[in-house]
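Q: Could you work out the structure for the sequence below:
(one chain, ligands or ions: 1)
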Amino acid sequence: MRKLSGLALLTGMLGATALGAGVSLAQNPPPPDHPSVSMFGQTYTPRSVLSRNMGTEEDQTTAFTPHKIIGNIYYVGTRTLSSFLIVTPQGNILMDSTYERNVNTIEKSVEQLGFKFSDVKILLGNHAHGDHQEGDAMVKQKTGATVYVMAEDVPALRDIKPGGKEHPIDKVIHDGDTVSLGGVTLTAHLTAGHTRGCTTWTTTAQEGGRTYNVMFGCSLRAPGAVSPAIAQEFVRSFQVVKALPCDVQLGDHPAQYNMQAKFAKVKAGGPNPFIDPATCKNEAAISEAMFKAILDEQQKAGK
Ligand SMILES: [Zn+2]
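A: Model (predicted):
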């Protein structure tokens, strides 16, 4: 069990597949199926959260219908790995390249929406795991975008080198820094724990003459075993996220914000379902409850 939890920790930290582009989720030992927490009518375990986030190999690589979320913000990712396009009059911002094998799929989704991939001027990242940032070098090659990375994630990003390509790092940013292009400003909030530089981005978007706060959440999923240093980071991060203004919650995996259910409502017409301040912090609440349950379990096991 000790050995298994060590491996589970590794798997959790690496986001399951950063071990290598060819390593599938199924080949890695999944995180444990305990403890469990029940929130908002659902029961979660570390294993069920990871499986909800990642889906199948096919889910990870199949484009989800590219769509407008709100204002100038669009979804261009796969069924289970988020990638967002933020359009400005001076070029566009892409958030998360996901796996390198998905970059061409993301490019197609961008074009399907009527935009040019070559107009991506800035590439941002959510956190230094392969399922979110492995494709950075290829996006940089294809677009020449400037790549901004959170300082605390730099060491982990340097280790993500598909095909031996160096990870592009053009600008190193810190907690509270902003990135601006064409009248759009995004603020980087360090919300560490899942990785050392896990970044929650915030911005605003306009719709129907109103301004809405948009929060691109970073995963707050705790590893199978939590060290005291990582625990401290999570405690701070939960406080940070709770205090952020939010009308539209997004996340590095669409399941974190129920994208598919919301998108189904878009098709049905009516008010924009992505504007949902009441549920903006649900994912953080689930993650915090799980984090506390894992710590509890660790303490009881005398670890
Ligand atoms: Zn991750």
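
Q: tell me which parts of the stretch 151-300 of the chain are close to the ion?
A: Residues of the stretch 151-300 of the chain found near the ion, taking CB under 5 Å from the ion as the criterion, are residue 219. Where C-beta positions appear, they are placed from N, C-alpha and C, glycine not excepted.

Q: can you pull out the strands in the stretch 151-300 of the chain?
A: Secondary structure of the stretch 151-300 of the chain (DSSP state E, counting those that start in this stretch): strands at 171-173, 178-181, 184-190, 199-207, 210-217, 248-251.

Q: Could you export those strands as TSV, including mean neighbour count and mean pLDDT?
A: Putting these into TSV (neighbours: other CB atoms under 10 Å; pLDDT from 0 to 100) gives the following:
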stretch	mean neighbour count	mean pLDDT
strand 171-173	14	98
strand 178-181	16	98
strand 184-190	20	98
strand 199-207	21	98
strand 210-217	20	98
strand 248-251	24	98
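
Q: now those as TSV including distance to residue 94?
A: Putting the strands of the stretch 151-300 of the chain into TSV (distance: least, CB to CB, whole Å) gives the following:
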stretch	distance to residue 94
strand 171-173	15
strand 178-181	11
strand 184-190	12
strand 199-207	12
strand 210-217	12
strand 248-251	14
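
Q: and of those, who's closest to residue 71?
A: Taking CB to CB as the criterion, residue 71 comes closest to strand 199-207 out of these, the separation being 3.2 Å.

Q: tell me how far the closest one is from the chain's mean position?
A: Relative to the mean C-alpha coordinate of its chain, strand 199-207 is positioned 14 Å out (CA atoms, centre = their mean, to the nearest Å).

Q: Show me what it packs onto, helices and strands only.
A: Helices and strands in packing contact with strand 199-207 are listed as strand 184-190, strand 210-217; criterion 3 or more CB pairs under 8 Å, 6 or more residues apart in numbering; DSSP states H and E.

Q: relative to strand 199-207, how tilted is the first one?
A: Just to be clear, that refers to strand 184-190. 150 degrees (axes from the mean of the first three to the mean of the last three CA atoms, to 10 degrees).

Q: Other residues contacting strand 184-190?
A: Contact with strand 184-190 is made by 72, 86, 88, 93, 124, 148, 150, 152, 173-180, 197-203, 237, 240-241, 244, as judged by CB atoms under 8 Å, 6 or more residues apart in numbering.

Q: for the spatially closest residue to residue 136 that is not a sequence neighbour, what are its contacts?
A: Take residue 136 and drop its neighbours on the chain: the residue closest to it by CB to CB, 6 or more residues apart in numbering is residue 97, 4.9 Å away. Shown here is residue 97, whose contacts under the criterion CB under 8 Å, 6+ apart are 83, 103, 106, 123, 125, 132, 133, 134, 135, 136, 138, 139.
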